[in-house]
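**Student:** with the sequence up front, the predicted model follows.
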Amino acid sequence: MIRIIALTPAGKKLGERLVMSWPNASLDYKPKPFAVLVQRAFQQGDWLVFICATGIVIRTLAPVIQDKFQDPPVLVLDEEGKFVIPLLSGHEGGANEWGAQVANQLGAQLVMTTAKPYLNPIYTLGMGCERNCPLEFLESLMWEALKQKGLTPSDIHSLNSIDIKADETNLIALAQKYHWDFNTYSAQELAPMESLLSTKSDYVFKTVGVYGVAESAALLAAQNETGSEPELTLNKIKNAKATIAIARGFSS
């Protein structure tokens with residue numbers, strides 16, 4: 001769940017703008033008791049947007065912060081909506097990419113304080129599936145993946161797989177439905193992505209010649225599109241008939 005917390009009338013108006021774009025978001029205006037409610041939301045894993053001074057957020061969350069692998073993403077905005085600061089869980093928690101989306105939505109400046117300036121992320125999907133996989137299995141899995149990372153189909157640049165899936169009817173149909181390029185790559189082309197995979201399947205390697213189709217294809221496509229070192233945004237997830245992963249690269 002996304003919680004937007006505003007402390008001034010101007011901040012409330014900005015929060016109302018954001019809520020219109022996020023159906024699963026709630027706006028809390030001057031919540032009381034402030035520290036208790038905010039800390040509880042943070043501990044239960046809610047994604048938090050504060051429209052207030054950064055110092056207030058730091059002092060309030062300090063007692064419950066654990067580490068970048070467990071804490072939910074936290075953004076801080078000024079009440080005029082001119083600046084967006086990913087404050088916590090920038091890389092691992094997704095606050096950097098989320099902050100970039102919010103900044104783009106508001107026409108605001110993204111204020112990055114982490115090592116990489118993630119200003120222009122290019123997202124790519126990689127998918128593997130059983131032969132003649134029904135479209136509903138592919139599409140439902142795609143939506144689950146996007147939901148997990150707060151992305152929409154318009155954020156995705158391309159759909160990618162291994163070359164033996166070049167004629168997979170419903171992978172092609174999925175790409176056409178959402179106006180994505182559909183690319184396939186040989187096992188030899190995908191092999192250099194091996195070191196970046198989250199897991200390696202010996203079964204998949206014996207079957208198609210790479211240790212993971214979805215992750216490898218997404219990573220290679222992100223690298224090809226941006227010329228930068230790609231990274232996994234979402235490690236592969238699966239349903240009964242398909243797997244999917246999301247990768248990204250960064251263009252200047």
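**Tutor:** Thanks, I have the structure now.

**Student:** how is this structure partitioned into domains?
**Tutor:** By the assignment in automatic domain parsing, the chain contains the domains 2-110, 121-250.

**Student:** residue ranges of the helices in this protein, please?
**Tutor:** Ranges of helices in the chain, per DSSP state H, are 9-21, 34-43, 54-61, 95-106, 135-149, 169-177, 187-190, 202-208, 213-226.

**Student:** who does the residue nearest to Leu151 when sequence neighbours are not counted form a beta bridge with?
**Tutor:** With sequence-adjacent residues excluded and distances taken as Cβ to Cβ, 6 or more residues apart in numbering, Leu151 is closest to Tyr123, at 6.3 Å. For glycine as for every other residue, the C-beta is placed from the backbone atoms N, C-alpha and C. Residues in a beta bridge with Tyr123, per DSSP bridges, are Ile156, Arg248.

**Student:** Tyr123: what's it in contact with?
**Tutor:** Leu151, Asp155, Ile156, His157, Ala222, Thr233, Ile246, Ala247, Arg248 (Cβ atoms under 8 Å, 6 or more residues apart in numbering).

**Student:** farthest-separated two in the residues you listed?
**Tutor:** Leu151 and Ala222 (13.5 Å; Cβ to Cβ).

**Student:** hang on, the earlier thing: now the domains of the chain in TSV, with mean pLDDT?
**Tutor:** Output for those, formatted as TSV (pLDDT from 0 to 100):
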stretch	mean pLDDT
domain 2-110	88
domain 121-250	94
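
**Student:** looking at Leu151 and Ala222, which is more packed in?
**Tutor:** Ala222 (30 against 22; other Cβ atoms under 10 Å).

**Student:** pretty sure that one contacts Leu125?
**Tutor:** No: here Ala222 lies out of contact with Leu125, judged by Cβ atoms under 8 Å, at a distance of 9.9 Å.

**Student:** which residues touch the residue most central in space within the chain?
**Tutor:** Residue closest to the average C-alpha location in the chain (Cα atoms, centre = their mean): Lys149, at 3.2 Å. Contacts here follow Cβ under 8 Å, 6+ apart; on that basis Lys149 touches Gly94, Glu97, Thr233, Leu234, Ile246.

**Student:** distance of it relative to His179?
**Tutor:** Distance, Lys149 to His179, using Cβ to Cβ, to the nearest Å: 19 Å.

**Student:** which ones are touching Ser161?
**Tutor:** By Cβ under 8 Å, 6+ apart, the neighbours of Ser161 are 126-129, 168, 171, 182-185, 213-214, 217.

**Student:** go again using 10 Å as the cut-off
**Tutor:** Ser161 makes contact with 125-129, 168, 171-172, 175, 182-185, 190, 213-214, 216-218, 221, according to Cβ atoms under 10 Å, 6 or more residues apart in numbering.

**Student:** of those residues, keep whichever come out buried.
**Tutor:** 125-129, 168, 171, 175, 182-185, 190, 213-214, 216-218, 221 (16 or more other Cβ atoms under 10 Å).
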